[in-house]
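Chemist: Everything below, folded, please.
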Amino acid sequence: MLALVTVAIGFAGCRRGVVPTSETGPILERDNVHQAIVGCYAFFDRNGRPASDSLPWAPTTGRLFEGGRAQKLTPGPHPVTGPGRFEPRWRVDPVTDTLRVLFSSGFEGTEFVLGFRQRRDTLRGRAVTHIDVGPPFSSERGSASAIRIPCPPTRLSRRP
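Modeler: This next block holds a predicted model:
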């Protein structure tokens, strides 16, 4: 019975609008996490080079939209659109507190697995490449990062 009371009190403190904190800063609620992640990023490989130089289908820069859709802004050596191309996408994995961003052709691609609880504009993590022939079908490619950059204006943007 004491455990149920403790759990009930714990949930009461987590009502909407109250942002719990940890030693590393605020713990973001799901909606706030998605809003905080949306934006434009430059992606880098383990050597600090643009990701498109060494990772298949990875962009140099990309935009993350609400709803989990992503877009390559500067694609590097691979085409951005065309028949059979997979739409780049992203999702938050609440179990591991990671942001997963996937750029793929459907046959090969790169997934960035980045920590999003960090309080700066640089997200650090790792890159995993996928290919449809194998095994192995996935390969760890070492550390990777994404640095927030200003988004370029779009046709729908209004200038003040």
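Chemist: Now do the helices in the chain.
Modeler: For the chain, applying DSSP state H gives helices covering 2-12, 30-37.
Chemist: Which of those comes out lowest on mean pLDDT?
Modeler: With a mean of 34, helix 2-12 has the lowest mean pLDDT of the helices of the chain.
Chemist: can you give me the strands for the protein?
Modeler: 21-22, 25-26, 39-44, 61-64, 70-74, 89-93, 98-104, 108-115, 122-131, 138-149 (DSSP state E).
Chemist: May I see the buried residues of the fifth one?
Modeler: Buried residues in strand 70-74, defined by neighbour count with 16 or more other Cβ atoms under 10 Å: 70-73. C-beta coordinates here come from the backbone N, C-alpha and C atoms, glycine included.
Chemist: what packs against it?
Modeler: strand 61-64, strand 98-104 (3 or more Cβ pairs under 8 Å, 6 or more residues apart in numbering; DSSP states H and E).
Chemist: where does this protein dip in pLDDT?
Modeler: 1-32, 76-85, 118-119, 155-160 (pLDDT under 70).
Chemist: hmm, 50 instead?
Modeler: Applying pLDDT under 50 to the chain flags residues 1-29, 77, 83, 157-160.
Chemist: about what we covered before: mind giving me JSON lines with the helices and strands packed on strand 70-74 and columns for distance to residue 43 and mean neighbour count?
Modeler: Formatted as JSON lines, the helices and strands packed on strand 70-74 follow (distance: least, Cβ to Cβ, whole Å; neighbours: other Cβ atoms under 10 Å):
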{"stretch": "strand 61-64", "distance to residue 43": "6", "mean neighbour count": "22"}
{"stretch": "strand 98-104", "distance to residue 43": "8", "mean neighbour count": "22"}
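Chemist: Just put these in a markdown table and tack on distance to residue 37.
Modeler: Shown next, in a markdown table, are the helices and strands packed on strand 70-74 (distance: least, Cβ to Cβ, whole Å):
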| stretch | distance to residue 37 |
| --- | --- |
| strand 61-64 | 6 |
| strand 98-104 | 6 |
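Chemist: Which one, of the ones you listed, ends up nearest to residue 92?
Modeler: For these, the distance to residue 92 is smallest for strand 98-104, at 5.8 Å, taking Cβ to Cβ.
Chemist: what are the pairing partners of the closest one, and which direction each?
Modeler: strand 89-93 (antiparallel), strand 108-115 (antiparallel) (DSSP bridges).
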